[in-house]
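Trainee: my questions are about this predicted structure, shown below with the sequence.
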Amino acid sequence: MTLAAQSEIQIDNDEVRVTEWRLAPGAATGPHRHGMDYVIVPVADAEMTIVAPDGTRSIAQLKTGQSYFRKAGVEHDVLNESTTEIVFLEVELKA
């Protein structure tokens, strides 16, 4: 059984939603679709596995403080198949 990722909303207003995500080893977010453009801000170096809807797997290397941007519509599951916790902030940009 896969562990569920833990999330805590830090800010949620008319402009943005900021969520801290924590994935323990073996945890996953579950398949989801991003409804808003978003920025990911890694809090620690990490390696996460991304699984596309068609089952294609890729590895994403997160580096502390090196943010990246994605457009709304991205669909995937995020897994922690490493031995260390993954921690990042997700900043969703509201229209």
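Mentor: Noted; the coordinates are in hand.
Trainee: can you give me the first-to-last residue distance of stretch 9-24?
Mentor: Stretch 9-24 has an end-to-end distance of 18 Å (CA to CA, to the nearest Å).
Trainee: what's next to it, contact-wise?
Mentor: For stretch 9-24, the surrounding residues in contact (CB atoms under 8 Å, 6 or more residues apart in numbering) are 3, 5-8, 29, 36, 43, 48, 78-80, 85-94. Bear in mind the C-beta positions are built from the backbone N, C-alpha and C, glycine included.
Trainee: just the buried residues from the residues you listed, in ChimeraX please.
Mentor: Of the contacts of stretch 9-24, the buried ones can be selected in ChimeraX as follows, counting by 16 or more other CB atoms under 10 Å:
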select :5,29,36,43,48,78,79,80,86,87,88,89,90,91,92
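Trainee: among the contacts of stretch 9-24, which lie within strands?
Mentor: Residues of the contacts of stretch 9-24 located in strands (DSSP state E): 3, 6-8, 48, 78-79, 86-93.
Trainee: thanks a lot, see you next time.
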